[in-house]
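Novice: Provided below are the primary sequence and the corresponding predicted coordinates.
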Amino acid sequence: MKGKLSRINLIAIMIVAVCVIAFAVILPIYLKHNAENSEIYEEQKIRILLRGELIGEYTFDELAEYSPAVEFTAVYKPNNMLPQDKTYTGIFLHDLITAMELDTTGVTSVKFTAKDGMQKSYSISEVQEEGNVYIANTVSGLPFNNGINIFAYTKEQEDGGPFVVIKAKDSVSQNRVKLLVEINLL
């Protein structure tokens, strides 16, 4: 029996081989599908759509021409840490939508998309609530660190930049969208 693989070991090897092959097949498909998000992220722009139709792609400064960035306070609560109030700078999304004269008649939700394809939706009433939803670009006067860093909670700047959607009235900071590339009013 020495030198022979048991049946359980053979099954385990086959499962690992199938997983590796599946990963090798799916990864290029995902990368191709996500190329547009990666490109706009690298350009540090945000794509805005109304009911799926492109309104435009904008830098933060271009959006700030419609609605100036303001300071606001929100809770930041990493796992296993006490919540802390932080000061952010960002554009109040409701004011931006109004300033861009986007017709929100019939719009019920706003879907945010991140560079990696992750999506989160807020109801239009959450977005319209005074002082609630912002597109932030700085924390404590410093720009967000680009990308995701597992040790971000130890840094003043936080990660997920250059743009992060922050729901200021969220008491546990679990409804943020980091790596923001798209806003779609649906």
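Specialist: Cool, the structure landed. The structure displayed is predicted, hence computed values, not measured ones.

Novice: going forward, measure contacts and count neighbours with C-alpha atoms only.
Specialist: Will do.

Novice: State which helix of the protein is the longest.
Specialist: The helix that spans the most residues within the chain, counting by DSSP state H, is helix 7-33.

Novice: Show me what it packs onto, helices and strands only.
Specialist: Packing partners of helix 7-33 (3 or more C-alpha pairs under 8 Å, 6 or more residues apart in numbering; DSSP states H and E): none among the helices and strands.

Novice: And for the nearest residue to residue 171 once chain neighbours are set aside, the neighbour number?
Specialist: Spatial nearest neighbour of residue 171, chain neighbours left out: residue 75 (5.9 Å); criterion: C-alpha to C-alpha, 6 or more residues apart in numbering. Residues near residue 75, counting by other C-alpha atoms under 10 Å, number 20.

Novice: thought residue 75 was touching residue 85?
Specialist: Yes - at 4.5 Å, residue 75 and residue 85 qualify as touching, with contact defined as C-alpha atoms under 8 Å.

Novice: Run the chain-centre distance for the least confident helix or strand in the chain by mean pLDDT.
Specialist: Lowest on mean pLDDT, DSSP states H and E among the helices and strands of the chain sits helix 7-33, with a mean of 86. Relative to its parent chain, helix 7-33 has a centroid offset of 28 Å by C-alpha atoms, centre = their mean, to the nearest Å.

Novice: likewise stretch 51-69?
Specialist: Relative to its parent chain, stretch 51-69 has a centroid offset of 16 Å by C-alpha atoms, centre = their mean.

Novice: got it, and stretch 172-186?
Specialist: 4 Å.

Novice: Hmm, residue 127 is touching residue 93, no?
Specialist: Yes - with contact defined as C-alpha under 8 Å, residue 127 reaches residue 93; the gap is 6.7 Å.

Novice: For these two, indicate the residue with more neighbours.
Specialist: Comparing residue 127 with residue 93 by other C-alpha under 10 Å, the one with more neighbours is residue 93, at 23 against 20.

Novice: nearest spatial neighbour of the more buried one, skipping sequence neighbours?
Specialist: residue 134 (5.3 Å).

Novice: Please pull up the helix or strand immediately following the helix or strand that neighbour falls within.
Specialist: If you go by DSSP states H and E, residue 134 is part of strand 133-139. Toward the C-terminus, strand 133-139 is succeeded by strand 142-143 as the next helix or strand (DSSP H and E).

Novice: which residues are contacting that next one?
Specialist: Residues from elsewhere that reach strand 142-143 (C-alpha atoms under 8 Å, 6 or more residues apart in numbering): 137, 157, 161, 162.

Novice: Neighbours of the first one, how many?
Specialist: In terms of burial, residue 137 registers 22 neighbours under the definition other C-alpha under 10 Å.

Novice: cool, and the last one?
Specialist: Taking other C-alpha under 10 Å as the neighbour definition, residue 162 ends up with a count of 22.

Novice: I figured it hits residue 179, correct?
Specialist: Yes - between residue 162 and residue 179 there is a contact under C-alpha under 8 Å: 6.6 Å.

Novice: Cheers, nothing more for now.
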